[in-house]
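# Okay, predicted coordinates and the sequence, questions at the end:
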Amino acid sequence: MKNAELSPFHIIGHDIKVALDNGASMGAVILTYAAIDAMAFLSMPEAQVEVKGKDFIWWTEKYLKADSRQPYQYRGIDLYGARCGLFHRYSATSTISDSGKCSVFGYHDGSEHIYKPVINKNVVLISWSRFVNDFFGAMKVFLKDIIDNEELKKRVDKRIDQLLHIMDAGVAGD
């Protein structure tokens, strides 16, 4: 199947997996945060035209869940602070974390998140592979909600064509 025939959801997932398959773990993490931004854009309130931090936080709070046995359970503000740090500084820190409003994420290649609040309650070591897999799980739940919720489906249908698409050059040039 050509990229032009794939939904933006498939393209997003494919690009994250390609990054992982080629050893670009931080690239996959960054693409995952960008994908969360896209999901927040699709699901933001009807009258809104720009995705905001509160939309990103809402989407992660609703959909992104860590396994209940993990020592760290995702908090939307932490994820938003981590996203801002990566996008704006290519750093673990952001203006939000600098102000003390969220935890700081480091990333590691293990299978479990590492969180020891007794040592430092503001630092979490995120298993990047678990984070990416948790996002894929969140996206599955989000897609089910799109099917089951007519209001959400209308918002997504209205905005889906605004997501980045790759077209066949023969079609784009016509």
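That came through fine.
# what distance separates stretch 102-114 from the middle of the whole chain?
Offset of stretch 102-114 from its chain centre (CA atoms, centre = their mean, to the nearest Å): 15 Å.
# An error on my part: the question was meant for stretch 79-99.
Relative to its parent chain, stretch 79-99 has a centroid offset of 14 Å by CA atoms, centre = their mean.
# would you put the C-alpha positions of that stretch in PDB?
Provided in PDB are the C-alpha atoms of stretch 79-99 (Å, rounded to 0.1, in the frame of the first residue of the first chain):
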ATOM      1  CA  LEU A  79       4.400  14.800  29.600                       C
ATOM      2  CA  TYR A  80       3.700  18.400  28.400                       C
ATOM      3  CA  GLY A  81       6.800  19.700  30.200                       C
ATOM      4  CA  ALA A  82       8.900  16.900  28.600                       C
ATOM      5  CA  ARG A  83       7.500  17.600  25.200                       C
ATOM      6  CA  CYS A  84       8.300  21.300  25.500                       C
ATOM      7  CA  GLY A  85      11.800  20.500  26.600                       C
ATOM      8  CA  LEU A  86      12.500  18.300  23.600                       C
ATOM      9  CA  PHE A  87      10.800  20.500  21.100                       C
ATOM     10  CA  HIS A  88      12.100  23.900  22.200                       C
ATOM     11  CA  ARG A  89      15.400  23.000  23.800                       C
ATOM     12  CA  TYR A  90      16.200  19.500  22.800                       C
ATOM     13  CA  SER A  91      16.600  19.100  26.500                       C
ATOM     14  CA  ALA A  92      15.100  17.300  29.500                       C
ATOM     15  CA  THR A  93      14.200  20.600  31.000                       C
ATOM     16  CA  SER A  94      11.600  23.200  29.900                       C
ATOM     17  CA  THR A  95      10.200  26.500  31.200                       C
ATOM     18  CA  ILE A  96       7.500  24.400  32.900                       C
ATOM     19  CA  SER A  97      10.000  22.200  34.700                       C
ATOM     20  CA  ASP A  98      12.200  25.200  35.500                       C
ATOM     21  CA  SER A  99       9.300  26.600  37.400                       C
END
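# Show me what it is in contact with.
With contact meaning CB atoms under 8 Å, 6 or more residues apart in numbering, stretch 79-99 is reached by 29-30, 33, 36-37, 53, 56-57, 60, 64, 77, 101-106, 122, 126. Placement of C-beta: from N, CA and C, glycine included.
# Inside strands: which ones of these?
Judged by DSSP state E, strands contain the following of the contacts of stretch 79-99: 104, 105, 106, 126.
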